[in-house]
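Trainee: Predicted model and sequence follow; I will ask about them next.
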Number of protein chains: 2
Amino acid sequence: MISIGIQGAEVIKTAGSFLLASHMHPDGDAIGSMIGLGLALRDIGKNVAIISGQPVPPSYHFLPGSEMVSTPQGVHGRRFDCGIVLDCTGLERLPEEVNKLFDCCGTLINIDHHVSNDFFGAVNIVDSSASATAEILYQVLSALKIGISPDVATNLYAALVTDTGSFRYQNTTNRCHLVASLLLERGADHHLVQQCLNEQKTLASIRLLQKGLSTLSLDQEGQVAWMTISRLNCLDEGCRMEESEDLINYPKSIAGVEIAVLFKEIGDHEVRIGFRSKSFADVNALAGRFGGGGHMRAAGCTVKGTLQEVEALVIDAARDYLQKKREVL
Amino acid sequence: MISIGIQGAEVIKTAGSFLLASHMHPDGDAIGSMIGLGLALRDIGKNVAIISGQPVPPSYHFLPGSEMVSTPQGVHGRRFDCGIVLDCTGLERLPEEVNKLFDCCGTLINIDHHVSNDFFGAVNIVDSSASATAEILYQVLSALKIGISPDVATNLYAALVTDTGSFRYQNTTNRCHLVASLLLERGADHHLVQQCLNEQKTLASIRLLQKGLSTLSLDQEGQVAWMTISRLNCLDEGCRMEESEDLINYPKSIAGVEIAVLFKEIGDHEVRIGFRSKSFADVNALAGRFGGGGHMRAAGCTVKGTLQEVEALVIDAARDYLQKKREVL
């Protein structure tokens, strides 16, 4: 159970104006949490501004209240009683022009679920056992007896769904399901969320998937699987590289595979690499060999070279890593 | 809330031996419900047999207790105090040799969540608002104060996950999430379930997906999307046709598409067709034009002809259906 603390509760109750923001390239949890909290505070008569360095991606425009999110320019020169930073491990992860705005805020509140959060707030509501920041927000709103409207619930439910891969990822807990249940009870629009998140793909992104799958390879032991996405393929299909984010789940989904790798050609002789592991491999360590990092089960790095060169280099390293693991066992 | 009734509760408490079964070609809810209930009854000292016309598919062997499922021959000649049929709309959906066995049972209990259930039991515990039979079972076990072990919880959680598409389908309710939460609290192994259900795919099934996606087509208005799977593709990849079940989600996932169609060549001049609709189209009616049926949002039929002939015929009908809808609006 999270603790808001007396100071946090007092600030939220008494402050009249709030500035809400989240990390660069906001994901579903960041966006749903900002809008959900923004709507809930507005519903009790607070003055709320939500700012983002990047506009809300079109795939999240369905969220009720998404029009509340504005650019840093929109609030330039204004002062706020309270600043709330959501789903963000440290202030350096805020877009620079957003970070500056918090100088014009009274108390800074930090609400997050990342284990690496650096407690940058005057008030820190951080719980790394929460599946998503939205899960913490539900508890904060309940504890403060702030009403949760259907629109607030829809935003928080969408945030839960995106951060847990619709309850498939390992961060899904009994509390996460309980909060999901309570949000649906409060009128979260399950159909809207699932349809807009899963059934609004572009034809181009599906064609890119098809081209990606045609490159799917498996090593001799069947433990390393990988795919490549070339810039040409992206251009051919009129896709943005971001649309290939979840492709890494395909090599990972194969029985027996321990390490999945996705190679994306992001520039001339520059390849972005995503790693996933299933059970025991530490891909954080593997990505570290190439100057990258992340978590044990999900990590990434960027390597200079052609797709072919980088593919050979990295797959060799992954196989070598597993070979050493096998020798130890 | 479901009601077991005094008779149902009495039978389950007093009976010493139970025969459990479900419908032909059992899915995740059928299998998880049978094993989950079987384990729970065995835990309180009951004698339990679980029978299935078809063996448990390898993809469900991970379920604790899956070895309890046997063939009808295994219990031939035995008598049981109580027979429980799970997740089955009517007795005619039981494999014939299983159906016969229920003649040698005392009270017949029918536990199901399908709206078309025909109340064939002496005791009927039917709730069409439940997302899965496992959701009802959780309530039955709780009401009877029968303990739910981690293994029972894992089976019921797996059943919920499969019948709701990991909480993505429209049958997901607040109660469904609440039961999921309580099952995880009781020790359901979320990681095992999600990993075994989502990450044990064959390389062949992914190659079949790639070939299927290469046939993806969209009509001029972008409202009908379809894919074809030829027998040759299946043979080439060494796939069983069943491994193509969820491919229809890809054409359905495209923004703007209302009707998705999957054509599978199941024999010489014989094509199995799956339909899905997103918002308004009645694919039950559409499948009906070809002698098939189902639900408004999911239906199917089988049509004689070559893939090319059947594709042209059915896509014309789907476009014609939508054209008429547009004229009415």
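Mentor: Nice, I can see it. Numbers count the residues shown, from 1 in each chain, chains lettered A, B, ... in the order given.
Trainee: From now on I want contacts and neighbour counts done on CA atoms only, so please keep to that.
Mentor: Fine.
Trainee: hey, where'd the strands end up in chain A?
Mentor: In chain A, the strands defined using DSSP state E lie at A:17-22, A:47-51, A:69-70, A:80-86, A:105-112, A:123-126, A:217-218, A:224-229, A:259-267, A:270-277, A:293-294, A:298-304.
Trainee: and those, which is most packed in?
Mentor: Stretch with highest mean neighbour count among the strands of chain A: strand A:17-22 (a mean of 26; mean count of other Cα atoms under 10 Å in any protein chain shown).
Trainee: Measure how buried A:His61 is and give me the count.
Mentor: 12 (other Cα atoms under 10 Å in any protein chain shown).
Trainee: For the closest residue to A:Asn47 other than its chain neighbours, list the residues it contacts.
Mentor: Once flanking residues are discounted, A:Asn47 sits nearest to A:Ser17: 4.5 Å by Cα to Cα, 6 or more residues apart in numbering or on different chains. By Cα atoms under 8 Å, 6 or more residues apart in numbering or on different chains, A:Ser17 lies in contact with A:Lys46, A:Asn47, A:Val48, A:Phe80, A:Asp81, A:Cys82.
Trainee: A:Leu108 too?
Mentor: Counted by Cα under 8 Å, 6+ apart, A:Leu108 has contacts A:Cys82, A:Gly83, A:Ile84, A:Val85, A:Phe102, A:Gly121, A:Ala122, A:Val123.
Trainee: What pLDDT is listed against it?
Mentor: Predicted confidence (pLDDT) for A:Leu108: 96.
Trainee: Can you give me the distance of it to A:Trp226?
Mentor: Relative to A:Trp226, A:Leu108 is positioned 43 Å away (Cα to Cα, to the nearest Å).
Trainee: The stretch 151-300 of chain A: helices as residue ranges?
Mentor: A:174-185, A:190-198, A:203-213, A:231-237, A:249-252, A:283-288 (DSSP state H, counting those that start in this stretch).
Trainee: Pick out the shakiest of these, pLDDT-wise.
Mentor: Among the helices of the stretch 151-300 of chain A, helix A:231-237 scores lowest, with a mean of 81.
Trainee: picking that back up, put together CSV for the contacts of A:Ser17, with pLDDT on each row.
Mentor: CSV is the format used below for those (pLDDT from 0 to 100):
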residue, pLDDT
A:Lys46, 98
A:Asn47, 97
A:Val48, 98
A:Phe80, 96
A:Asp81, 97
A:Cys82, 97
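Trainee: Surely A:His191 touches B:Gln170?
Mentor: Yes - counting by Cα atoms under 8 Å, B:Gln170 is a contact partner of A:His191 at 6.1 Å.
Trainee: mind giving me the domain ranges of chain A?
Mentor: Structural domains annotated on chain A: A:5-198, A:204-328, as defined by automatic domain parsing.
Trainee: Quickly compare those and say which is most buried.
Mentor: domain A:5-198 (a mean of 20).
Trainee: now the end-to-end length of that domain.
Mentor: 38 Å.
Trainee: One more: stretch A:207-218?
Mentor: First residue to last in stretch A:207-218 (Cα to Cα) measures 22 Å.
Trainee: which residues sit against it?
Mentor: Defining contact as Cα under 8 Å, 6+ apart, one finds that stretch A:207-218 is touched by A:224-229, A:233-234, A:237, A:239, A:244, A:247, A:250-251, B:206-207, B:210-211, B:213-214.
Trainee: these two touch, right, A:Gly28 and A:Gly165?
Mentor: No - under the criterion of Cα under 8 Å, A:Gly28 makes no contact with A:Gly165, lying 10.5 Å away.
Trainee: which bits of chain A sit near chain B?
Mentor: If contacts are counted using Cα under 8 Å from any Cα of the partner chain, the residues of chain A sitting beside chain B are A:166-170, A:172-178, A:180-185, A:190-191, A:194, A:198-203, A:206-207, A:210-211, A:213-214, A:250, A:252-256.
Trainee: In the stretch 1-150 of chain A, where is pLDDT below threshold?
Mentor: Confidence mapping of the stretch 1-150 of chain A against pLDDT under 70 gives the ranges A:1-2.
Trainee: For chain B, what is the nearest residue in it?
Mentor: Relative to chain B, the nearest point of the stretch 1-150 of chain A is A:Ser59 (10.3 Å; Cα to the nearest Cα).
Trainee: Now do the same contact list for that residue.
Mentor: A:Cys196, A:Leu197, A:Gln200.
Trainee: Relative to A:Ile35, how far out is it?
Mentor: With distances taken as Cα to Cα, A:Ser59 is found 15 Å from A:Ile35.
Trainee: just A:Ser70 next, same as before
Mentor: 11 Å.
Trainee: which residues does A:Gly121 contact?
Mentor: A:Leu108, A:Ile109, A:Asn110.
Trainee: Name the nearest of those residues relative to A:Ala40.
Mentor: Proximity of the contacts of A:Gly121 to A:Ala40 (Cα to Cα) peaks at A:Ile109, which lies at 16.2 Å.
Trainee: From start to finish, how long is stretch A:280-298 in a straight line?
Mentor: Termini of stretch A:280-298 sit 12 Å apart (Cα to Cα).
Trainee: what's the helix ranked longest in chain A packed up against?
Mentor: Taking DSSP state H as the criterion, chain A has its longest helix at helix A:307-328. Packing contacts for helix A:307-328, counted by 3 or more Cα pairs under 8 Å, 6 or more residues apart in numbering or on different chains; DSSP states H and E, involve strand A:224-229, strand A:259-267, strand A:270-277, helix A:283-288.
Trainee: Out of these, which is closest to A:Val303?
Mentor: Nearest to A:Val303, of the helices and strands packed on helix A:307-328 and by Cα to Cα, is strand A:270-277 at 5.3 Å.
Trainee: Can you give the strand pairings for the closest one, parallel or anti for each?
Mentor: Here strand A:270-277 has these sheet partners by DSSP bridges: strand A:259-267 (antiparallel), strand A:298-304 (antiparallel).
Trainee: relative orientation of the longest one and strand A:224-229 in degrees?
Mentor: Just to be clear, that refers to strand A:259-267. Relative orientation of strand A:259-267 versus strand A:224-229 (axes from the mean of the first three to the mean of the last three Cα atoms, to 10 degrees): 20 degrees.
Trainee: about what we covered before: could the helices and strands packed on helix A:307-328 be laid out in a markdown table, adding distance to A:Glu309?
Mentor: Below are the helices and strands packed on helix A:307-328 laid out as a markdown table (distance: least, Cα to Cα, whole Å):
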| stretch | distance to A:Glu309 |
| --- | --- |
| strand A:224-229 | 12 |
| strand A:259-267 | 11 |
| strand A:270-277 | 10 |
| helix A:283-288 | 16 |
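Trainee: Which pLDDT value belongs to A:Met241?
Mentor: 68.
Trainee: tell me how far stretch A:113-127 is from the chain's mean position?
Mentor: 16 Å (Cα atoms, centre = their mean, to the nearest Å).
Trainee: try stretch A:60-72
Mentor: 17 Å.
Trainee: Send over it as PDB, restricted to the C-alpha atoms.
Mentor: Output of stretch A:60-72 as PDB, limited to C-alpha atoms (Å, rounded to 0.1, in the frame of the first residue of the first chain):
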ATOM      1  CA  TYR A  60      -3.900   8.100 -27.800                       C
ATOM      2  CA  HIS A  61      -6.300  10.800 -29.100                       C
ATOM      3  CA  PHE A  62      -9.200   8.600 -28.100                       C
ATOM      4  CA  LEU A  63      -8.500   9.200 -24.400                       C
ATOM      5  CA  PRO A  64     -11.200  11.600 -23.000                       C
ATOM      6  CA  GLY A  65      -9.500  14.800 -22.100                       C
ATOM      7  CA  SER A  66      -6.500  14.300 -24.400                       C
ATOM      8  CA  GLU A  67      -7.100  17.900 -25.700                       C
ATOM      9  CA  MET A  68      -6.000  19.100 -22.200                       C
ATOM     10  CA  VAL A  69      -2.300  18.300 -23.000                       C
ATOM     11  CA  SER A  70      -0.500  21.400 -24.300                       C
ATOM     12  CA  THR A  71       3.000  22.500 -25.200                       C
ATOM     13  CA  PRO A  72       5.400  24.100 -22.700                       C
END
